[in-house]
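Q: Provided below for reference: sequence and predicted model.
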Amino acid sequence: MAEILKGAAAAAALDEKTAEAVHLLKIRGITPTLGILRVGERPDDVAYERAAVKRCEKLGIAVRLVTLPAAVMQGALMAQIAMLNSDSNVHGVLMFRPLPAQLDEVSACEALMPVKDVDGITSGSAAALYTGAGKGFAPCTAEAVIALLEHYGVVIEGKNAVIVGRSLVIGRPVSMLMLAKHATVTVCHSRTRNLAELTRRADIVIAAIGKTESLTADCFAPGQVVIDVGINYSESKRKLVGDVDFDAVAPLVGAISPVPAGVGAVTTAILAKHVVLAAGGIV
Ligand code: NAP
């Protein structure tokens, strides 16, 4: 049976360092503060917000919550972004996406001050990630994947990593972070041919597809490390599951992250760390 890479242990280790940095910031009279901008009431957003607020409160990070109705118009949204930008007591901003269809998401993202972009949604943050130069935070979930691997001592350098999914939020940033850690990276997507052949040859497989248990046992080989980023609701099992068929794959591979309680548990710990860094802390 594979080693189970639970997120809670990695998150706790991160939290310990973040809490210490918060303590030092408070001695300097700075309370690190996260602004959360949520449009509408999407259950996923509300659940993530609840987890983020809980973690911030535990670590002594203040939260400024701004909620707008789903039917809000662009001008009102931009006014709230400008307000969070100009408030020097707010160090980082998390804006939930996708935004409702009537809103111009690109303009909203680009309006955010780069130094407050703690979830890596501006093109400036993406450029920093892709060039390795300049400042900017990676998207929290992408960085959580790396944090989980490193917490469990998985060597990345020189390994063959196959990332399944090429979204701007997960697949692409994870591929850049893995490349920066000197993995040899293959990025797969919905038009990839012979997906199972490629994943079977990898040392590390990172699944970020968004399709219920779609990577089955034939995609894996003994000894592999598998990180499952997917969060899907299985109608038949009536519970959250990942992109990997955990029950069939766990007995086969060397290590695997569960869903829930895997990557998702680390994501808010990375968010908290980013807020503290944005406030001038050292984590
Ligand atoms: P997304 O934007 O829908 O992207 C999915 C990617 O998977 C696309 O690149 C798509 O390829 C690829 N894909 C779809 N079907 C495929 C198939 N059969 N074979 C190979 N590739 C396939 O999704 P996302 O935003 O990246 O999210 C991915 C998953 O992560 C979702 O389950 C989401 O809920 C979860 N998630 C988890 C966290 C966390 O904290 N753990 C945070 C955010 C999201 P194309 O580009 O060709 O369409």
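A: Nice, I can see it.

Q: only C-alpha atoms for contact and neighbour calcs from this point on.
A: OK.

Q: which residues of this structure lie near the ligand?
A: Residues of the chain lying close to the ligand by CA under 6 Å from any ligand atom are 141, 164-167, 169-171, 188-191, 208-210, 229-232, 263-264, 267.

Q: okay, and which of the residues you listed map to strands?
A: Among those, the ones falling in strands (DSSP state E) are 164, 188, 232.

Q: so what pairs up with the first one in the strands?
A: On DSSP bridges, the residues paired with residue 164 through beta bridges are residue 188, residue 207.

Q: contacting residues for it?
A: Contacts of residue 164 were listed using CA atoms under 8 Å, 6 or more residues apart in numbering, and they are 171, 187, 188, 189, 205, 206, 207, 208, 209.

Q: how much space separates residue 102 from residue 74?
A: 8 Å (CA to CA, to the nearest Å).

Q: so for the two, which residue has more residues nearby?
A: Per other CA atoms under 10 Å, whichever of residue 102 and residue 74 has more neighbours is residue 74, with 14 against 11.

Q: grab the nearest non-local neighbour of the more buried one.
A: Distances taken as CA to CA, 6 or more residues apart in numbering place residue 103 nearest to residue 74, at 5.6 Å, with adjacent residues excluded.

Q: was I right about that neighbour contacting residue 75?
A: No. Counting by CA atoms under 8 Å, residue 103 sits too far from residue 75 to count as a contact (9.4 Å).

Q: what about the helices in this protein?
A: 7-27, 43-59, 74-86, 105-111, 123-131, 140-151, 171-180, 195-200, 246-249, 263-278 (DSSP state H).

Q: switch those helices over to TSV; also include distance to residue 239 and mean pLDDT.
A: Shown next, in TSV, are these (distance: least, CA to CA, whole Å; pLDDT from 0 to 100):
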stretch	distance to residue 239	mean pLDDT
helix 7-27	18	98
helix 43-59	14	97
helix 74-86	34	98
helix 105-111	31	98
helix 123-131	34	96
helix 140-151	21	98
helix 171-180	24	98
helix 195-200	26	98
helix 246-249	13	98
helix 263-278	15	98
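
Q: buried ones among the residues of the chain next to the ligand?
A: Buried by 16 or more other CA atoms under 10 Å: 141, 164-166, 169-171, 188, 208-210, 229-232, 263-264, 267, out of the residues of the chain next to the ligand.

Q: can you tell me the closest non-neighbouring residue to the residue most central in space within the chain?
A: Residue closest to the average C-alpha location in the chain (CA atoms, centre = their mean): residue 141, at 0.9 Å. Nearest residue to residue 141, sequence neighbours excluded (CA to CA, 6+ apart): residue 267, at 5.1 Å.

Q: which residues touch that neighbour?
A: Residue 267 makes contact with 140, 141, 143, 144, according to CA under 8 Å, 6+ apart.

Q: any idea which residue of the stretch 1-150 of the chain lies closest to the ligand?
A: residue 141 (5.0 Å; CA to the nearest ligand atom).

Q: am I right that that residue is in contact with residue 262?
A: No. Between residue 141 and residue 262 there is no contact under CA under 8 Å: 11.0 Å.

Q: which residues do those two both contact?
A: Common neighbours of residue 141 and residue 262 (criterion: CA under 8 Å, 6+ apart): none identified.

Q: show me this protein divided up by domain.
A: The record, using automatic domain parsing to delimit domains, assigns the chain the ranges 29-114, 140-264.

Q: any chance of those domains in JSON lines, plus distance to residue 129?
A: Shown next, in JSON lines, are those (distance: least, CA to CA, whole Å):
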{"stretch": "domain 29-114", "distance to residue 129": "13"}
{"stretch": "domain 140-264", "distance to residue 129": "7"}
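
Q: residues near the residue lying closest to residue 19 once chain neighbours are set aside, how many?
A: Nearest non-adjacent residue to residue 19, counting by CA to CA, 6+ apart: residue 59, 5.3 Å away. Neighbour count for residue 59, taken as other CA under 10 Å: 21.

Q: before we move on, what about the one 4 residues further on?
A: Counted by other CA under 10 Å, the residues lying close to residue 63 total 19.

Q: likewise residue 55?
A: Neighbourhood size, residue 55 [other CA under 10 Å]: 18.

Q: who's in contact with it?
A: 268, 269, 272.

Q: repeat that for 7 Å
A: When contacts are counted by CA atoms under 7 Å, 6 or more residues apart in numbering, residue 55 touches residue 268.
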